[in-house]
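**Q** Prediction below, plus the sequence it came from.
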Amino acid sequence: MTDIPRRTAARTAKLASLPLGVAGRVAAGWGRRLVGGDSDHISAQMMARSAEHLFAVLGELKGGAMKFGQALSVFEAAVPEEFGEPYREALTRLQSAAPPMPPADVHRMLAEQFGRGWRTRFQDFDEVPAAAASIGQVHRAIWRDGREVAVKVQYPGAEEAVLSDLRQLSRMSRLLQPLAPGMEIKPLINELRERMVEELDYRTEADNQRAFAAVYAGDDKVRVPKVVASAPRAMVSEWVAGRPLASIIRDGSQQDRDAAAALLAEFHYSAPARARLLHADPHPGNFHVLDDGRLLVLDYGAVARLPEGLPRELTIMTKYALEGRSSELMELMRAEGFVRPGTTITAEEAMTYLSPFTEPLRTDRFHFTRRWLRGQAERVGDLRRPEFDTGRSLNLPPQYLLVHRVTFGTLGILCQLDADVPLRGIVGTWQPELFSGEAPAAGG
């Protein structure tokens with residue numbers, strides 16, 4: 001592979017093979033059942049092959065296709081168990097794996113970004129990538145001052161490929177929906193498309209990482225690597241590595257999983273208050289646990305800028321839902337645009353819909369499980385239940401979309417960890433008014 005496959009027609013054909021492949025396997029499965037095949041065995045084979053196909057296509061294309069797969073992987077805990085295991089394995093692999101680009105392309109990109117004498121910046125440079133992701137890959141190296149560094153190099157053709165992929169995936173969202181039972185595919189793709197232009201410029205990512213590193217310097221719970229150098233399509237930062245979160249999810253002890261989950265929750269809820277930023281790419285590939293017990297956080301290409309911290313309206317809505325104050329909740333939701341104009345929804349219906357999401361904050365500790373998350377997805381996604389109709393009357397205003405996705409992505413990881421988390425105390429530290437007396441007026 002010399003770079004990301006660039007031709008739109010070729011990429012579109014590969015992406016189109018996903019829903020067509022699933023449809024073909026379903027048809028073949030029905031045929032085998034008609035001639036007496038075991039239905040459970042056939043279904044298991046069909047899902048395993050669909051998962052392998054999903055990984056192969058999204059991983060080979062990289063770009064926006066792989067970014068979509070990584071975003072999808074956060075929500076695998078919501079996938080019904082009968083579909084879950086094959087997709088869990090395939091999507092987890094997408095969090096940190098992709099076919100590497102040849103050394104010649106790496107050299108060319110580094111020469112373009114840092115000049116023809118780029119090698120003089122390093123004492124040593126490992127030609128074999130240490131990690132590969134959606135729009136770039138990482139090489140381990142020794143900087144000229146002796147520091148061990150990570151060199152992130154963007155794939156040639158990444159911008160064209162990313163935007164093309166996400167346009168095509170958006171058009172195919174209805175066909176792709178069977179790949180992700182219980183999730184809304186199109187809003188996820190559209191939001192990714194809006195964020196990716198910014199993420200393609202590594203100078204912006206470097207600035208974001210510097211801001212986080214300054215805030216969390218010397219922190220006893222979070223480690224952010226320092227940036228050493230940056231350019232539009234390449235960046236260099238300190239090399240730091242620990243135990244990947246995906247490894248802890250797969251085979252960590254309960255103590256390991258609980259500790260990692262508490263660190264992740266602390267980082268997510270503290271960042272808006274401390275950094276006025278929110279790390280907006282929450283998938284397990286971006287987190288490691290270090291030997292000293294801290295959470296290593298990687299990849300700052302996607303962030304939400306929150307100059308006033310977490311929007312107060314979200315805190316107050318959560319407070320009203322916790323306290324059962326349905327009329328005040330409805331009044332605030334209408335004022336902030338969370339209710340679609342012209343729809344009829346009562347305060348009690350809104351409370352019934354939202355209140356179960358606050359369950360993790362009602363006790364000192366909450367056990368996050370895949371079963372709990374699946375229950376929430378089924379509760380609001382089952383068209384036979386009243387919550388489904390309620391959901392159609394609700395709207396997520398654009399200014400809250402990214403915060404919402406990142407929060408639920410983080411909760412999805414907590415469920416993958418199957419962790420017992422003191423979430424109420426963590427959230428209360430950074431949103432004290434949530435558990436105080438009267439809530440102040442929104443925007444006050």
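**A** Everything's here; your move.
**Q** Quick one: low-confidence residue ranges for the stretch 301-444 of the chain.
**A** 437-444 (pLDDT under 70).
**Q** again, only this time at 80
**A** 377-378, 380-384, 396, 398, 401, 437-444 (pLDDT under 80).
**Q** Which residues are in contact with the closest residue in space to Tyr320 that isn't next to it in sequence?
**A** Nearest non-adjacent residue to Tyr320, counting by C-beta to C-beta, 6 or more residues apart in numbering: Leu329, 3.9 Å away. All C-beta spots, glycine's among them, are computed from the backbone N, C-alpha and C. Neighbouring residues of Leu329 by C-beta atoms under 8 Å, 6 or more residues apart in numbering: 317, 320-321, 347, 350-351, 354.
**Q** and the residues you listed, which of them are in helices?
**A** Judged by DSSP state H, the contacts of Leu329 include 317, 320-321, 347, 350-351, 354 as members of helices.
**Q** Can I get those in a markdown table including distance to Leu296 and neighbour count?
**A** As requested, the ones in helices among the contacts of Leu329 are exported to a markdown table (distance: C-beta to C-beta, whole Å; neighbours: other C-beta atoms under 10 Å):
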| residue | distance to Leu296 | neighbour count |
| --- | --- | --- |
| Met317 | 32 | 23 |
| Tyr320 | 36 | 25 |
| Ala321 | 34 | 20 |
| Ala347 | 44 | 17 |
| Ala350 | 39 | 24 |
| Met351 | 39 | 19 |
| Leu354 | 34 | 22 |
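**Q** Let me know the closest of those to Leu361.
**A** Leu361 lies nearest to Ala321 out of those, by C-beta to C-beta, at 9.3 Å.
**Q** quick one: the closest one from Tyr353, how far?
**A** From Ala321 across to Tyr353, the span is 9 Å (C-beta to C-beta, to the nearest Å).
**Q** Contact partners for Arg274?
**A** 215-216.
**Q** any idea how far Ser237 is from it?
**A** With C-beta to C-beta as the criterion, Arg274 and Ser237 are 20 Å apart.
**Q** what does Leu298 give?
**A** Distance of Leu298 to Ser237, computed by C-beta to C-beta: 9 Å.
**Q** So the nearest residue to Leu322 once chain neighbours are set aside: helix, strand or coil?
**A** Excluding its sequence neighbours, the residue lying closest to Leu322 (C-beta to C-beta, 6+ apart) is Thr358, at 5.0 Å. Of the three states, Thr358 takes helix according to DSSP: H, G, I helix; E, B strand; the rest coil.
**Q** Name the helix or strand for Ile142, please.
**A** Taking DSSP states H and E as the criterion, Ile142 maps to strand 136-143.
**Q** That strand: which residues count as buried?
**A** By 16 or more other C-beta atoms under 10 Å, the buried positions in strand 136-143 come out as 136-141, 143.
**Q** Give the other helices and strands that it contacts.
**A** Packed against strand 136-143, as judged by 3 or more C-beta pairs under 8 Å, 6 or more residues apart in numbering; DSSP states H and E, are the following elements: strand 122-125, strand 131-132, strand 148-154.
**Q** Where among those strands is average confidence lowest?
**A** Among the helices and strands packed on strand 136-143, strand 131-132 carries the lowest mean pLDDT, at a mean of 78.
**Q** Give me the sheet partners of it and which way each runs.
**A** Sheet pairing for strand 131-132, assigned by DSSP bridges, gives strand 136-143 (antiparallel).
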